[in-house]
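> Here's a sequence, model it:
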Amino acid sequence: MSLFKRIFSKEKKETLDKGLEKSKTSFLNKLSKAVAGKSKVDDEVLDNLEEVLVSSDVGVETTLKIIDSIESRVAKDKYFGTDELNKILREEIAALLALTNVGNETDFDIPKDKKPYVIMVVGVNGVGKTTTIGKLAFQFKKQGLKVVLGAADTFRAAAIEQLQIWADRVDVPMVRQDMGSDPASVAFDTLQSAIRQDADVVIIDTAGRLHNKVNLMNELTKIKRVMQKVTPDKPDEVLLVLDGSTGQNAFEQAKQFTKATEVTALAITKLDGTAKGGVVIGISDQFQIPVKYIGVGEGIDDLQVFNKFEFVDSFFN
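Model prediction:
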């Protein structure tokens, strides 16, 4: 790594590089065109760069922050060669991500003083929510932790069955009720069961509906309130899962869910199949919520703990 000390293992880094390949190639191709024939960063290059960032799904507001910061550096340095632009962009984006993301995480750790650590997972249907829960359960179990899943998305029979498939695959217990049951009741039973089993981690799936924000808000609030009857201050984490391949639509989903409930962490999936990896930068900056996990492949091991240094290095390398 040219800017940062190696943090990930070689194998993990190769998976990340491969997962971000489409985003990186698309971005660097656009960047090359933006500076073609130019030796100095001037207003035209900055205008082109703005277009590159916006078209790479970084988002308008975040793009303007980056451009303003680079403009300040250009004004200060007087002469700023285009050959330095890649390096400067890496630094600016890493600095931006640093405001929200701690940056040196590498493992699927949980606080030891919050047993059981309860994660409530939210997100619309189709973003990879169930898959993310299954892969998280696998990673936590690999750490030697006891995991219990709760199928509180009771509005779709498919959601319960999909989660059951993952629970069986990873070999962790799952609490479920019939389709149409009260989601809060499932969450209550899950937490009670986890306490009886002396579990370390509880992951609760919730319904992925956005068509009525008031109902969604009421439902998520009720799930939290009922869990707190078992153990105060639960859940410990509300994880919003977003599909990175949807670009700007992921921004809209983040906006809706952060209005409906307090989101404490993000998981951005399906980055391996898209050139829209810039969405990670924009969403993290705009919502000031840490990106905790990213999906960079279909394999059970291809959910990674987000590390800003490794991400920026893979994106620009």
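> Tell me where the chain has strands.
117-122, 147-151, 174-175, 201-205, 237-243, 265-269, 291-295, 303-305 (DSSP state E).
> So for residue 93, which of the ones you listed sits nearest?
strand 291-295 (12.8 Å; Cβ to Cβ). Glycine gets a C-beta too; all of them are placed from N, C-alpha and C.
> What distance do you get for the most centrally placed residue in the chain to residue 55?
In the chain, the centroid-proximal residue (Cα atoms, centre = their mean) is residue 267; its distance is 2.4 Å. Distance check for residue 267 against residue 55: by Cβ to Cβ, to the nearest Å, it reads 25 Å.
> pretty sure residue 157 contacts residue 181?
No - Residue 157 lies out of contact with residue 181 (Cβ atoms under 8 Å); the separation is 11.3 Å.
> Compare these two (neighbour count), which wins?
Comparing residue 157 with residue 181 by neighbour count (other Cβ atoms under 10 Å), the higher total belongs to residue 181, at 16 against 12.
> so who does residue 27 touch?
52, 56, 275, 277-278, 315-316 (Cβ atoms under 8 Å, 6 or more residues apart in numbering).
> Tell me where the stretch 151-300 of the chain has helices.
Using DSSP state H, counting those that start in this stretch, the helices of the stretch 151-300 of the chain run over 157-170, 183-196, 213-230, 248-260, 279-287.
> pLDDT below threshold where in the stretch 101-250 of the chain?
102-106, 210-213 (pLDDT under 70).
> got the contact list for the residue nearest to the centre of the chain?
Residues near residue 267 by Cβ under 8 Å, 6+ apart: 132, 239-242, 291-295, 303.
> from the helices of the stretch 151-300 of the chain, which stretch is densest packed?
Highest mean neighbour count of the helices of the stretch 151-300 of the chain: helix 279-287, a mean of 24 (counted as mean count of other Cβ atoms under 10 Å).
> Report the distance from that helix to the chain centre.
Centre-to-centre, helix 279-287 and its host chain are 10 Å apart (Cα atoms, centre = their mean, to the nearest Å).
> which strands and helices sit next to that helix?
Applying 3 or more Cβ pairs under 8 Å, 6 or more residues apart in numbering; DSSP states H and E, one finds that helix 279-287 makes contact with helix 60-77, helix 85-98, helix 248-260, strand 265-269, strand 291-295.
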